[in-house]
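**Student:** generate coordinates for the sequence data below:
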Amino acid sequence: MSTPDFTPEDERLTQELQIQRQIAFASGLFQGDITIRTLLESLAEGVIIIDKSGTILLVNTRVEKMFGYPKQDLIGQPHSVLLPERFREVHEEHQAGFFKEPRIRPMGQLLDLAGRRRDGSEFPVEISLSFIETIIGVLVLAFISDITLRKRYESSLQESEKLAHMLVEGMKDYAIFMLDAQGNVQSWNAGAELLKGYRAEEITGKHFSCFYPEEDRAGGKPTKKNLKMAANEERDEEEGWLVRKDGSRFWANVVITALRDENGNLCGFSNVTRDISERKRAEEEIRNSEEKLHYSATAADIGIWRWDLVNNELTWSERCKELFGYPPDYPMTYDAFLSSIHEEDRSHVDRAVHKALQEKTEYLIEMRVVLPDGRLRWVMSKGRGFFDDEGKPVCMHGIAMDITERKRVEMEIKMLNTSLAARTASLEDANRELEAFNYTAAHDLRQPLAVICSCCQVIKELCGDKLDEECRGYLQESYEGAFHMNRLIDALLNFSRMGHVEPRREMVDLSELAHEIVMKLKVTDLERQVDFRIADGIVANADATLLRMVLDNLIGNAWKCTGMREKAVIEFGVSDFDGVPKYFIRDNGAGFNMADKEKLFIPFQRLSSAGESKGFGIGLSTVDRIIRRHGGKIWAEGESGKGATFYFTLSAAGISN
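**Tutor:** Numbering: from 1, shown residues only. Down below sits the predicted model:
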């Protein structure tokens, strides 16, 4: 019997029927369960599901709004309709490569992507890809985010950072630098290099206490006094001796300001230092002689005033009158002095002056002066009283100087710090939202999975002998798929928890933990011959439970990656890393390409050397989180076919108060 010939029309109808079946399958798979359907529609990202041919099988409402198409106009269409013409040819190549070797691709891996709306307009997008294997083949889930606002914000932020950098670098008379919460130098401007003698690459990462004299360091002044005061009072300002790189000393004015995130958590400090050696020498001369004071103050551009309390007469130098906005021949009185001060500062200045007279102390105050043309000038005034034998005040001799420029710099630095803090807070909010979504989604998916597993078990027990082999196969695939998803949920929940767990530190015997893990691995495959080289006596101040998870993951990975070696070797030891213990796990297994080392600790990125392992690519991400919660870092070195070594450090607790 001859086979009937298929016409092009028959072939077209067959292809359309196949697409309709795939669309129906995808709709039933992803929209049959109310939890998954609600999840798809509540996502901020657009979700598109396509088959191997690139045909759109399903979209959520966000895609309709993002691209301006009704859902019915997209389903069944090639997904290239959503791409600009210039991207389509290269995208077809990427599509073919992806289906040849499907893998999870996170957001931001491809840059400068664009989507095309129905009206032809374009907008920047970020795409992450995932996939699922079904009975009709591999389906791809594309998660699409419109990043138009983020691109604008990043451009604006880059320009602001550029201007801020130019501003800070242009201030040659001020040493301006940032410290982390422990007091280590994080940034360094040109003025700091000129003032202190250190180049940026020499001082970055060093503790700022190296700027203080030996006697101050021995007493713990930099940390216990200055940083503690700034952390408690938000700002610490003092004057004192500092030391340059060459050992020479200079008298400095130092302002340390605490930097906090939006939750009030301390994240570092700003330090503004100015060499005021000349001013200090002038003040010393003030105490010795009015004549010397007048000479020094004139040279240092400082105004001098004297208040005769017996006759209530106020004598001002020409520079002092200039600072407060009065002509040289203007008759000065104490009331005239107060009248030039900004009304918000006036009473504060008056109280400070009279308090110094009552308590026989010196006063130092900063005030805003209103000039005749309406401009504001910041002036620092310092004075002290002189008393007769009976203790009655007879006069008050003082100085005044223009600090407008310093105040301007402080304000600009404060604005810069606020901008940086806002950026940090924005990133932290995004991370918290992602973790909250991960945790909520995992919990909501667990109940329907339990129902699926239970139904599969009931069907197997009640109808197992009535089902043909193919149906039993489908039943088993459903059960295994649900079980696999449940394991993934457990992994996601564990990964989320690691972002919030606070380590409970104690002395932990890491060698003993490693031996316990090795014994469990040996039991799983008694025939394997592995040379375990566990160094004894390795201890650390850390959380025992969390460090067990770290070693379990790293030694377990080494066990998997050496599975094809006849003579497998796995080693655990410790070495020195700039005075800090550097722990390592080394194997002679499959190794990895160093070009991919940055991907090792990204969620859902499984090691290629893991072979046929059934993990989810979360293990190393969890390890990374645990190490960072201990204040340390983890990295890896390896070569394809020649093994790998994973290193990690654990820092001590934060600075002591």
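**Student:** burial count for Lys206?
**Tutor:** Counted with other C-beta atoms under 10 Å, the neighbours of Lys206 add up to 13. (Each C-beta comes from the backbone N, C-alpha and C, glycine too.)
**Student:** same question, the one 4 residues further on
**Tutor:** Cys210 has 14 neighbouring residues, counting by other C-beta under 10 Å.
**Student:** domain ranges for this protein, per the record?
**Tutor:** 8-146, 152-275, 302-402, 420-497, 506-648 (automatic domain parsing).
**Student:** and these as a markdown table, adding distance to Arg408 and mean pLDDT?
**Tutor:** As requested, the domains of the chain are exported to a markdown table (distance: least, C-beta to C-beta, whole Å; pLDDT from 0 to 100):
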| stretch | distance to Arg408 | mean pLDDT |
| --- | --- | --- |
| domain 8-146 | 38 | 77 |
| domain 152-275 | 10 | 85 |
| domain 302-402 | 8 | 87 |
| domain 420-497 | 19 | 75 |
| domain 506-648 | 37 | 86 |
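**Student:** Val409: which of these is closest?
**Tutor:** Ranking these by proximity to Val409 (C-beta to C-beta) places domain 152-275 first, at 6.1 Å.
**Student:** need the domains of the chain in JSON lines (columns: distance to Arg281).
**Tutor:** Below are those laid out as JSON lines (distance: least, C-beta to C-beta, whole Å):
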{"stretch": "domain 8-146", "distance to Arg281": "57"}
{"stretch": "domain 152-275", "distance to Arg281": "8"}
{"stretch": "domain 302-402", "distance to Arg281": "12"}
{"stretch": "domain 420-497", "distance to Arg281": "37"}
{"stretch": "domain 506-648", "distance to Arg281": "41"}
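**Student:** so for Met411, which of these sits nearest?
**Tutor:** Minimum separation from Met411 across these (C-beta to C-beta) falls at domain 302-402, 10.1 Å.
**Student:** quick check: which element contains Glu477?
**Tutor:** Following DSSP states H and E, one finds Glu477 within helix 469-497.
**Student:** ok, back up a step: for Ile413, find the nearest of the domains of the chain.
**Tutor:** That would be domain 152-275 among these, by C-beta to C-beta, at 5.8 Å.
**Student:** skipping its backbone neighbours, what lies nearest Leu195 in space?
**Tutor:** In this structure, Leu195 finds its nearest non-sequential neighbour in Ala175, 4.4 Å apart by C-beta to C-beta, 6 or more residues apart in numbering.
**Student:** right, and that neighbour touches Ala192 too?
**Tutor:** Yes - the pair Ala175 / Ala192 is scored as a contact, 3.7 Å apart, by C-beta atoms under 8 Å.
**Student:** overlap in contacts of those two?
**Tutor:** Thr273 (C-beta atoms under 8 Å, 6 or more residues apart in numbering).
**Student:** still on that earlier bit, what about the residue nearest to Leu195, distance to Glu214?
**Tutor:** According to C-beta to C-beta, to the nearest Å, Ala175 stands 20 Å off from Glu214.
**Student:** check Glu202 too.
**Tutor:** Counting by C-beta to C-beta, the gap from Glu202 to Glu214 is 20 Å.
**Student:** of the two, which one has the most company?
**Tutor:** Per other C-beta under 10 Å, whichever of Glu202 and Glu214 has more neighbours is Glu202, with 13 against 8.
**Student:** ok, now which ones touch the more buried one?
**Tutor:** Lys245.
**Student:** likewise for the one 3 residues further on?
**Tutor:** When contacts are counted by C-beta under 8 Å, 6+ apart, Gly205 touches 184-185.
**Student:** before we move on, back to that, of all the domains of the chain, which lies closest to Lys414?
**Tutor:** domain 152-275 (7.3 Å).
**Student:** if we can go back for a sec, and the next helix or strand after the helix holding Glu477, how far out from the chain's middle?
**Tutor:** Scanning forward in sequence from helix 469-497 by DSSP H and E, the next helix or strand is strand 506-509. The gap between where strand 506-509 is centred and where its chain is centred comes out at 29 Å by C-alpha atoms, centre = their mean, to the nearest Å.
**Student:** ditto for stretch 412-426
**Tutor:** 13 Å.
**Student:** same for the lengthiest helix in the chain, what does it pack against?
**Tutor:** Counting by DSSP state H, the longest helix found in the chain is helix 404-463. In terms of contacts (3 or more C-beta pairs under 8 Å, 6 or more residues apart in numbering; DSSP states H and E), helix 404-463 is packed against helix 34-42, helix 148-170, strand 249-260, strand 266-275, strand 376-387, helix 469-497.
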